[in-house]
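In: My questions concern the predicted model and sequence given below.
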Amino acid sequence: MSVHSKLYEGKAKILYTTDDPEVLLADFKDDATAFNAQKRGTILGKGQINCSISSQLFKQLEAHGIKTHFIDSPSPNQMRVRSVKILPLEVVVRNIAAGSLCQQTGLPVGKLLKQPLVEFYYKNDQLGDPLLTRDRLLLMELATPEQVDAITNLALQINQFLSGFWQQCGITLVDFKLEFGLDSQQQLLLADEISPDTCRLWNTAEADPNRRVMDKDRFRRDLGNVEDAYQEVLQRVLQAVESKN
Ligand code: UDP
């Protein structure tokens, strides 16, 4: 497969075209940003770690019947993916209150939600990725009502599967962000990545609110040992996958 030109450079990945117009190459970077790119840094080895974790999770989800953009991973920090038109939505699923949910509602951090909460945010840095209502989303024609329903169902299915998977890793899935895209057949595919950059992951055996954090909050909140935490997550994912096979 020959790589053509750079199509797009985002905060964490570079996308390249390939000789197949239906296939793109995603190159995962070590760059880290937070708070709408106001905080910037590098997490050494993050590109390879996130690409490996994401690849494993997409493979597991595919085996579970969820359609994703994942094709394969030709090298540790590269993923071949189906070319999709990304819907400008950040789909957040929450099991436990944390982050912006606590800031905006006053719910205490760590409160177990009675049922998973699916939220839609407008993927727009200039506007600060605002929370959307269903009606606003439809008003803005960011997706059709059928797509919103399909995405909500998929997000809940993905949450159920991933919560169980992370549990096998001794990790509690607090919340996470998904992105979806449409392929050339208008088929809805799970896209982007699933990694410690996009999930809140707590070490289940650890009660201390700082020590339990195994995700990008270590970078956001300057908790230290960011690389170690990401590496630990990858090791646990690989162990869980191996024990399944
Ligand atoms: N998230 C993400 N990208 C974003 C915003 C959120 O991956 O641009 C993830 C975040 O890592 C967390 C979940 O989505 O796992 C919910 O994030 P929240 O709304 O609490 O926002 P935060 O307070 O983290 O900015």
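Out: Nice, I can see it.

In: Do any residues in stretch 173-182 lie close to the ligand?
Out: Yes - applying Cβ under 6 Å from any ligand atom, one finds stretch 173-182 touching the ligand at Asp175, Phe176, Lys177. For the C-beta atoms, the positions are set from N, CA and C on the backbone; glycine is no exception.

In: residue nearest the centroid of the chain?
Out: For the chain, the residue nearest the mean C-alpha position is Ile194 (3.3 Å; Cα atoms, centre = their mean).

In: who's in contact with that one?
Out: Ile53, Ser54, Leu57, Phe58, Leu162, Phe176, Leu178 (Cβ atoms under 8 Å, 6 or more residues apart in numbering).

In: taking these one by one, which sit in helices?
Out: Of the positions in the contacts of Ile194, Ile53, Ser54, Leu57, Phe58, Leu162 sit in helices, assigned by DSSP state H.

In: what helix or strand does Pro21 sit in?
Out: Assigned by DSSP states H and E, Pro21 belongs to no helix or strand.

In: State the distance from it to Leu7.
Out: 11 Å (Cβ to Cβ, to the nearest Å).

In: what's the helix or strand hosting Asp149 packed up against?
Out: Per DSSP H and E: Asp149 is located in helix 145-168. Applying 3 or more Cβ pairs under 8 Å, 6 or more residues apart in numbering; DSSP states H and E, we find helix 145-168 packed against helix 46-63, strand 89-96, strand 112-122, helix 134-139, strand 171-182, strand 188-191, helix 226-244.

In: Report the rounded mean pLDDT for it.
Out: When pLDDT is averaged over helix 145-168, the result is 98.

In: May I see the buried residues of that helix?
Out: Gln147, Val148, Ile151, Leu154, Ala155, Ile158, Asn159, Phe161, Leu162, Ser163, Phe165, Trp166 (16 or more other Cβ atoms under 10 Å).
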